Every structure is written in C-alpha cells, then in structure tokens.
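Colleague: Structure for the following, please:
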Amino acid sequence: MHIEQLYTNCLAEAAYYIESNGEVAIIDPLRETQPYIDLATRRGSRIKYVMETHFHADFVSGHIDLARETGAVIVYGPMADPKYDVIIAKDNQEFTLGKIKIRVLHTPGHTPESSCYLLLDENGDEHAVFTGDTLFVGDVGRPDLLDGKMSSEELAGMLYDSLETKLKVLPDHVTLYPGHGPGSACGKNIGKETMSTIGEQKRFNYALKAKSKEDFILQVTEGIQPPPQYFFEDARINKYGYNSIDAVLERNCKPLSQSDFVKAAENGALILDARQSDVFEKGFVPGSLNIGLNGQYAVWVGTLIDINRPLVLVADSGKEQEAVLRLARVGYENVLGFLEGGIEAWSGQKDTVRSVTALEVPAVLDQQGMVLDVRRPGEWKVSHLPGAQLVPLSDMPANVAHLDRDKTYVVHCGGGYRSMTAISLMKQEGFRNLINVYGGFTAMMNAGLNVVTESDNVTTASLHG
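Modeller: Okay, here's the model as predicted:
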C-alpha cells in the first residue's frame, strides 16, 4: 500500500494518490491531469478510480479529464447529482483497490453530498480517512456555500451529526488526510499541519469538543467571512462539467502584440500582472492589477476579479502558461492572451510604486502619512500598528470609497504580497499617494515598531461590503 499527499500551496489544496497491488485511486485531483498519470506510470500502476469528496467550490477538479484519459471511474457519495457519468455510491459502500478497500462515509454538512473515504488496509483494519472539506486540522468545513438553498444553521446541524456518528467514532490512530491546509477559505482557521490523526483532533479541534449540537452550530457559524464569489461558479462547473484543460490552454495561451493588448484593455479586459511585487513596482502598464504567481495567485484572482471578466496577462518570460493554468484551476478561462515579450516589450507609458523599508516607516508617518492595514480581521486582532486603519484586501475596492484620495497612505499586509495588490487596486480607484512597506507587518515587528492589540484605543475604518 502506498499513499501520497499531493499538496498545492497556492490553493492550500491536497489531492491524494492511493495505490495497492498496481491499482490506484486519486482523491480530489486538481485540474491538470498529467502529474497523476505520470506518477502512476512511474510506479507501474493504473488509475482505477477518481474519487470526489464533494462539488468543490474553491477549484475546478480534474476528475472528468482524468477519467477520460485513463478510463478510470468517477465516484461520488450519496446525494450527488453530476451531469456526467459517475458511480453514486451508497453510504458504507466499499470499493476494492488491489489488496485494500475504500469505504464511502456520507458526511453531509459542508455540502449535502460531502463524503469521506475510509481506507481499510490489507487486514481490513481502519488505517486512514480522507475527509475532503468535512474535517480539517483544527477546523471543519464552512456550512454556508449553498447560496441560500439551505441555511448555514441547517448545514451545520448536519455536519455535527456527521462528525459525531461517522468520524469521532473512528479509532484514535486513524490518520486524517484533509482536503485543505492553512490559508484556504473553505474553513475559518485551519491549522498549519496538512495531516493529523482522529485522536489528535478529538483533543485539540474546537469543533469536535462542542458541548452540544446547539453549541457546535453557534461556534461553526460565528465569524465566517463571506466566501469569494467565484466559489458558486466553481461548484456549478464541477457539477455540470467543463472543457478539457488542454483546450483551455491552447485557447488562452495566446501572445498579443502591444496594439492588440491595448485594444483588448480599451474594450474592457482587465490587465492582470502576475509578476512578483518587487519587480512590478519598478514599472508596469498603467491600470494593471498585480497578483503575483509567487503567492496565492488563483485564490486572490477569484476573490477580487469577476469570473466572467475578460483578462489580458503580463508575466515573466516563460511563466505565461503557468499563469493561464493556475487561472483555469479556479475556473477563469476568459483569458484573451498575454503581452508578447512581457513588460520589456512595452513601449508605452509605465507606472511605478514607491516602497520603503520597515525602518523608514516612522519618518514617512511623521510627514502626515496614514497607515493602511490590508490584512484579514483575524490578523488585525492579534496586533497592529497604532493609529492604523483596517481595510482588508478581500473587501476592496468597495471598502476604500470613504478614504481621502489626496492623502498619503502607507500600505502594508503581513509579508508584502497583498499590499502591492491592494495598491494596484487603489490606483485603479484614483489613489496616487501610496507607499508600500517591504516585508509588511512582520518586518515592522522585527524592526521594533510599536504595536497594539484590538483592545487598545485605535482608529479602525468601518467595513463595507
């Protein structure tokens, strides 16, 4: 028996490769299929099943393409109703894989069709459970993604029953393999580890220690941030099907001359610059939105950009296909092409951004600058700079309407990635006096700048949207 977790940091997503006696099951694959096919080929095995824990909202799964290319069968749990050929398993139904078996555990709550897969080893013993978005390390799946079809409280109640009757009853030694790790919007506060055990989660996961069903519902539904709007479209795509990834790449990886690039932008396409922030700041096409490939690129695209809006890309040479592929992972396929030759080939006007080190921040603030903190509310609660305003990046651009466009803002996030995205968004909204902080809040903490907690008397911007 062989198990591999195939973890993708930029999406905080875990797919799984399970092999026994030359037969393979893939659980929750990403959209590009070749890595799974190559892995099975190297190990001399064939992919027999593609098992989906639910209709994913945060990425487009590769299950359809993978099944088509390998002859594997797609498996969903009860209550799934996809519009393509699959096996809809019954609760507790078992699938033989070489010398092991995989048992379907229907665990509704995150979604009605959510299911976990319990691996029984060669001796028939419970060895590991693949929980999708039902149970994470330190958290559980959010119960608010049915867009009004079911209430969060109703789904949370179902989730409680699933955890109590299907997962908490498993032996403590059973390895827990969740569908996501830290940074995923599918949970409120997922722990930093990407695997655990059932016993550890019984001891440390707040959701498994609730005193009652009512207490659980309150804890799980309290403080959930609104999901990115692309979640609902991705769930629909995973249910109804999609174009092959090869067709998407062929259509979207199209080099554009500067004149065609400009024309597309003039006709409403958004310029998405996927370069690193410290490169972007030195020169970019005016009006560009910077979301770098070196971070949670696809997640922030999905959070900030309408999935139906046409895009044109600027990327480092050789990174164009990666930029397109990672967009396709989250269902963004309306890419008209990329600037041929990159920013080096751009002969038009360029914009820039000023950045300062953490040690330079006090001097800038002495010149009447205002600190703008674009981190998440949870990060803000731990500590922040005195006098700062909180405007989370996820709420932009609507949340900057009340700010003074003539004022100088010193913009920071946690480590320097999100702040440049925020600045590029603010520039689109007419702000010009913007200064970025290299290394963000972490750098300022390390430099010894004074910080305060939420309980202190600070100015906090009102949150809109």
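
Colleague: and the host helix or strand of Ala25, what other elements does it pack with?
Modeller: When secondary structure is defined using DSSP states H and E, the element that contains Ala25 is strand 23-27. On a contact count with 3 or more Cβ pairs under 8 Å, 6 or more residues apart in numbering; DSSP states H and E, strand 23-27 meets strand 13-20, strand 46-51, strand 94-97. Heads up, the C-betas are built off the backbone N, CA and C, glycines and all.

Colleague: which residues in the stretch 251-400 of the chain form helices?
Modeller: Applying DSSP state H, counting those that start in this stretch to the stretch 251-400 of the chain gives helices spanning 258-266, 277-280, 297-304, 320-328, 361-366, 377-382.

Colleague: Using CSV, lay out the helices and strands packed on strand 23-27 together with mean neighbour count, distance to Pro178 and mean pLDDT.
Modeller: Shown next, in CSV, are those (neighbours: other Cβ atoms under 10 Å; distance: least, Cβ to Cβ, whole Å; pLDDT from 0 to 100):
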stretch, mean neighbour count, distance to Pro178, mean pLDDT
strand 13-20, 23, 7, 98
strand 46-51, 23, 15, 98
strand 94-97, 16, 20, 98
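
Colleague: so where do the strands sit in the stretch 251-400 of the chain?
Modeller: 255-256, 270-273, 289-290, 311-314, 335-339, 354-356, 370-373, 389-390 (DSSP state E, counting those that start in this stretch).

Colleague: Break the protein into its domains for me.
Modeller: 2-232, 244-345, 354-446 (automatic domain parsing).

Colleague: Output the ones you listed in CSV, with distance to Thr453 appended to each entry.
Modeller: Shown next, in CSV, are those (distance: least, Cβ to Cβ, whole Å):
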stretch, distance to Thr453
domain 2-232, 18
domain 244-345, 26
domain 354-446, 6
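
Colleague: Nearest to Val452, out of those?
Modeller: Evaluated over the domains of the chain, closeness to Val452 peaks at domain 354-446, with 5.0 Å, by Cβ to Cβ.

Colleague: Can you check the distance spanned by the closest one, start to finish?
Modeller: Counting by Cα to Cα, to the nearest Å, you get 21 Å between the two ends of domain 354-446.

Colleague: repeat for stretch 98-111
Modeller: First-to-last distance for stretch 98-111 - Cα to Cα - comes to 30 Å.

Colleague: what's the neighbour count on the closest residue to Pro112 other than its chain neighbours?
Modeller: Nearest residue to Pro112, sequence neighbours excluded (Cβ to Cβ, 6 or more residues apart in numbering): Met79, at 4.7 Å. Met79 has 15 neighbours, counted by other Cβ atoms under 10 Å.

Colleague: any idea of the pLDDT on Met79?
Modeller: On pLDDT, Met79 comes in at 96.

Colleague: who are the neighbours in contact with it?
Modeller: 106, 108, 112-113 (Cβ atoms under 8 Å, 6 or more residues apart in numbering).

Colleague: Could you do Gly369 as well?
Modeller: Contacts of Gly369 (Cβ under 8 Å, 6+ apart): 408-410, 435.

Colleague: Distance-wise, check it relative to Gly387.
Modeller: Per Cβ to Cβ, to the nearest Å, Gly369 is found 10 Å from Gly387.

Colleague: Next: Thr41.
Modeller: Counting by Cβ to Cβ, the gap from Thr41 to Gly387 is 58 Å.

Colleague: same check, this time on Ser277
Modeller: 25 Å.

Colleague: Which one's more surrounded, the two?
Modeller: The neighbour comparison of Ser277 against Gly387 (other Cβ under 10 Å) goes to Ser277, with 24 against 12.

Colleague: Next, the contact list for the spatially closest residue to Ile74 that is not a sequence neighbour, please.
Modeller: Spatial nearest neighbour of Ile74, chain neighbours left out: Val86 (4.2 Å); criterion: Cβ to Cβ, 6+ apart. The contact partners of Val86, by Cβ under 8 Å, 6+ apart, come to 73-76, 80.

Colleague: Can you find the helix or strand in the chain with the smallest mean pLDDT?
Modeller: Of the helices and strands making up the chain, the lowest-confidence element is helix 377-382, at a mean of 89, by mean pLDDT, DSSP states H and E.

Colleague: Hey, what's the angle from the strand holding Ala25 to strand 13-20? Just curious.
Modeller: Relative orientation of strand 23-27 versus strand 13-20 (axes from the mean of the first three to the mean of the last three Cα atoms, to 10 degrees): 160 degrees.

Colleague: Roughly how far does Arg275 sit from Lys90?
Modeller: 50 Å.

Colleague: rewinding a little: got the phi and psi for the residue nearest to Ile74?
Modeller: Backbone torsions for Val86, taken as degrees, to the nearest 10, come to phi -150, psi 170.

Colleague: Check what pLDDT the residue nearest to Val382 when sequence neighbours are not counted gets.
Modeller: Leaving aside its sequence neighbours, Val382 sits nearest to Thr453 (Cβ to Cβ, 6+ apart; 7.3 Å). Per-residue pLDDT puts Thr453 at 78.

Colleague: Share the number of residues neighbouring Thr453, please.
Modeller: So Thr453, with other Cβ under 10 Å, has 11 neighbours.

Colleague: pretty sure it is touching Trp380, no?
Modeller: No. Between Thr453 and Trp380 there is no contact under Cβ atoms under 8 Å: 9.6 Å.

Colleague: show me the residues around Asp172 that make contact.
Modeller: So Asp172 contacts 197-199, 202 (Cβ under 8 Å, 6+ apart).

Colleague: From the residues you listed, pick the one nearest Val174.
Modeller: Using Cβ to Cβ, the contacts of Asp172 come closest to Val174 at Ile198, 4.6 Å.

Colleague: right, and the closest one touches Pro171 too?
Modeller: Yes. Assessed by Cβ under 8 Å, Ile198 is found in contact with Pro171 at 6.8 Å.

Colleague: quick one: contacts for Gly157?
Modeller: 109, 213, 217.

Colleague: what about 10 Å?
Modeller: 108-109, 143, 151, 213-214, 216-217, 220 (Cβ atoms under 10 Å, 6 or more residues apart in numbering).
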